[in-house]
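1. give the three-dimensional model of this entry:
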Amino acid sequence: MKGALEGHVVHDRSGTVAGQFCGKLLADFGADVWLVVSGDLAEIAAGGDGTSLAPLDLHLNLGKHRGRPPSPPDVVLCGPQDDPAHLRDLWPAALVVRIMGFGDDGPKAGWKAPEIVLQASSGMMISNGIRGREPLYGTGERASYAAGQAAYIQILASLRARRATGQGDTIRIDAAETAAAMCFPYVLQTIYNGTDRRRGDQDIPAGEVLCRGSWVCIWVYSNRFETLCKLLGLQTCLTDPRFAEVPVRQQNWPAFFALVQDKVADRDPEDFVAELQAKGIIAARAYRISEIRESRHLAERGYWRRVTIGGETHVLPGVPFRLSKTPAREPDGSAHAAA
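-> Reported below is the predicted structural model:
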């Protein structure tokens, strides 16, 4: 079966996690992606160089080619020093994509943008964690991956537009704006209604409980409150004046989750989450990085890819999108840039 993007040529010159992740998504669905690494330093997180079998390099560059790329390209993922206007002059029908930290203009233009800066400036860090303690940075290059996905989405839209116009496009993605879009809209909320939402303010029906060795997050919307209470033997909460009515319950979530905590402290987190989900209750386990590969949730959904290169099997994250008519290509390692 042909990939949805088969026949499109992509020059991945980005050298960054964001750009190379965008290129990976294009390659997953059949585009002919050529990896060109300039070695220029970027202001956002650097990607792989396509010469190793390191996990990051494989994740970002599996299925891409090295060597002299064919021309003209349909898409160019710009390197740090590339001039989009110059590339558009060379290839007027190409989509030229520039992913930066804080953009080419504005008060923060040219700022270095490692992940911790993007998370801090977006408001994500200060929104996470417990009131009175340090903000939580989290893990991974989340803003970069989100910026790469944003570029990918715009590329697909611009390719559709190009069918009608025959014209290329210049696409600019600022990782800082993408990171802010990932966060809760507290700044906008303050602008439109004056609400000063602070970390720790409990205004959503959710909480965390510590099961045996791992935290579990539970979202208890009003249509599932009774189900949860019956599941855990907390039927008295249905008539407890602190929890019986939704407006009052909203003010007493800490007390309710303290009762839940007493019931689940010795529960296996995977079993507990599966039981909740089977009842239609939204729940998720908080994994350590070292635990993700063993996640039952991901394994049951066939998330992991296993690719053999040079006789060695590598386990990699699966494709983010699964489309029935145009499924992602399953690379066998022979086209890997480092192979």
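
2. which residues does Arg212 contact?
-> Residues near Arg212 by Cβ atoms under 8 Å, 6 or more residues apart in numbering: Ala265, Asp266, Arg267, Asp268, Pro269. Placement of C-beta: from N, CA and C, glycine included.

3. buried subset of those residues, written for PyMOL?
-> To isolate the buried members of the contacts of Arg212 in PyMOL, using 16 or more other Cβ atoms under 10 Å:
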select buried, resi 267+269
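
4. in helices only, show me the contacts of Arg212.
-> Cross-referencing these against helices under DSSP state H gives Pro269.

5. any chance of the contacts of Arg212 in a markdown table, with pLDDT too?
-> Output for those, formatted as a markdown table (pLDDT from 0 to 100):
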| residue | pLDDT |
| --- | --- |
| Ala265 | 95 |
| Asp266 | 95 |
| Arg267 | 96 |
| Asp268 | 95 |
| Pro269 | 95 |
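
6. of the contacts of Arg212, which is the nearest to Arg197?
-> Each of those was checked against Arg197 using Cβ to Cβ; the closest is Pro269, at 29.2 Å.

7. returning to what we had before: show me which of the contacts of Arg212 is closest to Gly166.
-> Distance to Gly166 across the contacts of Arg212 (Cβ to Cβ) is lowest for Pro269, with 54.5 Å.

8. save the contacts of Arg212 as TSV, and put in distance to Ala284 too.
-> Formatted as TSV, the contacts of Arg212 follow (distance: Cβ to Cβ, whole Å):
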residue	distance to Ala284
Ala265	18
Asp266	20
Arg267	15
Asp268	15
Pro269	10
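
9. tell me how this protein divides into domains.
-> 9-182, 206-297 (automatic domain parsing).

10. for Val319, which of the ones you listed is the nearest?
-> Between the domains of the chain, domain 9-182 lies closest to Val319; by Cβ to Cβ that is 5.1 Å.

11. how long is that closest one end to end?
-> 30 Å (Cα to Cα, to the nearest Å).

12. show me where the stretch 51-200 of the chain has helices.
-> With DSSP state H, counting those that start in this stretch as the criterion, the stretch 51-200 of the chain has helices at 55-61, 84-90, 115-122, 124-127, 142-165, 175-182, 186-193.

13. could you dump those into a markdown table and include distance to Leu259?
-> Formatted as a markdown table, the helices of the stretch 51-200 of the chain follow (distance: least, Cβ to Cβ, whole Å):
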| stretch | distance to Leu259 |
| --- | --- |
| helix 55-61 | 42 |
| helix 84-90 | 57 |
| helix 115-122 | 34 |
| helix 124-127 | 26 |
| helix 142-165 | 33 |
| helix 175-182 | 32 |
| helix 186-193 | 29 |
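
14. for Asp74, which of those helices is the nearest?
-> So among those, helix 142-165 is nearest, using Cβ to Cβ, at 7.4 Å.

15. show me where the stretch 151-300 of the chain has strands.
-> Applying DSSP state E, counting those that start in this stretch to the stretch 151-300 of the chain gives strands spanning 169-174, 206-211, 214-219, 282-285.
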